[in-house]
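1. sequence and computational prediction follow.
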Amino acid sequence: MDLEERVQLICKRPVEEVLTIEELKMLLQTKSTPVAYNGFEPSGPMHLGTGLLPALKIKDFTQAGVKYKILLATWHAKLNNKFGGDLDKIRRVAKHFIEGWRALGIDESMVEFVMADDLISQKDYWELLLKISERVTLSNVIRALPIMGRKESENLRFGSYIYPLMQVTDIFMLGADIAQLGMDQRKANVLAKEVGPALGLWSPVAVHHHLLPSLTGPTKMGFDENPKLDVQISSKMAKSKPESAIFIYDNEEEIRSKLRKAFCPEKQIENNPVIDYVKNLILRSDSDKILIERPSIKGGPVEVNLTQLVELYQKGEIHPLDLKNAVAEWLIKTLEPVRKRFVSEELESYFPNVFSKKA
């Protein structure tokens, strides 16, 4: 695989931003097996945004010859008061996350799972965090707080302000050449790019992916000064609102039912969650196609790439319900290995407030 093919894989949707393409190319040319990382708070059941989308992106990186480290951010979740700060529950869910990604088919020969417990137990971790703290201002830290899913104006405990410093420290302790996180975490990565060289370390390449929206449509909550990014962060799929998320273990009828109710304005592309799922999960390359079953009066079945889909949808030649049905069938097929791996009783033991036993 040549350089351009590797770059295209890494930059493939749902990636929105790379800081910078030139740095990425130089890294791939000078290091045979670069290391990328992403971090996840084990804070609840896995939905499309925490399960399927990362799995697709991890596969892109490993196919491009990049070793991928997944940080199970247990102590970060505690600082964020997930599960009431109960570390035993958080650690148990971390193991559940690993099983979810395995069911989604990641290449474990190129993937390493790292528990934050192991990382922060190292003396060097806290020495580095203190050195980083000497190089940043309180303003820098506050600007990076949306990585916790919280706004700057909220009344936070002091421990919350350590969180962005931990995320910067994670990058260097993991030896990550590439920080591959969501758009809501870009400010922490920018901080790492600035601080690294000042400490005699490296400036990691930052690869930021799009955040999948919830089923309920766009909202604004003031997470970012950029209006479009604010909508993306504010509207992202959340496990805390089960009715607005598709979980990777949802059964066939649950997937169909949730999508039927999804916000999907006719002829509208922007801020349309169903179009978003097509773009960032299904038709991630120009050559990818999806079959839309339409009634004969509307022209019958049509197989389209993303450009064709957008054109037909804007013209009203693809009805929202037909699009929803096509997305539902793709998800049902793609998530089948996960449904086979997990049973309802097991899910209820992890997340009793979300799942109930099925007959």
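-> That came through, no problem.

2. burial of residue 308, as a residue count?
-> By the criterion of other C-beta atoms under 10 Å, residue 308 has 16 neighbours. Where you see a C-beta, it was placed from the backbone N, CA and C, and this is true even at glycine.

3. for the strand or helix carrying it, packing partners?
-> Assigned by DSSP states H and E, residue 308 falls within helix 306-315. Here helix 306-315 touches helix 273-277, going by 3 or more C-beta pairs under 8 Å, 6 or more residues apart in numbering; DSSP states H and E.

4. CA-only coordinates of the helix holding residue 308, as CSV, when you get a sec.
-> Backbone C-alpha positions of helix 306-315 (Å, rounded to 0.1, in the frame of the first residue of the first chain) are rendered in CSV as follows:
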residue,chain,number,x,y,z
LEU,A,306,-23.5,9.5,-1.6
THR,A,307,-23.5,12.2,-4.3
GLN,A,308,-26.5,10.6,-6.1
LEU,A,309,-28.3,10.1,-2.8
VAL,A,310,-28.0,13.7,-1.8
GLU,A,311,-29.2,14.9,-5.2
LEU,A,312,-32.2,12.6,-5.2
TYR,A,313,-33.1,13.4,-1.6
GLN,A,314,-33.0,17.1,-2.1
LYS,A,315,-35.3,16.8,-5.1
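
5. in contact with the residue lying closest to residue 334 once chain neighbours are set aside, which residues?
-> Closest residue in space to residue 334, ignoring its immediate chain neighbours: residue 52 at 7.1 Å, by C-beta to C-beta, 6 or more residues apart in numbering. Neighbouring residues of residue 52 by C-beta atoms under 8 Å, 6 or more residues apart in numbering: 104, 248, 281, 334-335.

6. ok, so of the residues you listed, who is nearest residue 256?
-> residue 335 (12.4 Å; C-beta to C-beta).

7. how far away is the closest one from residue 47?
-> 11 Å (C-beta to C-beta, to the nearest Å).

8. name the residues contacting each of those two.
-> residue 248.

9. circling back to that earlier point, the contacts of residue 52 in helices, which ones?
-> Those of these mapping onto helices are residue 334, per DSSP state H.

10. which of the contacts of residue 52 tops the neighbour count?
-> residue 248 (25 neighbours).
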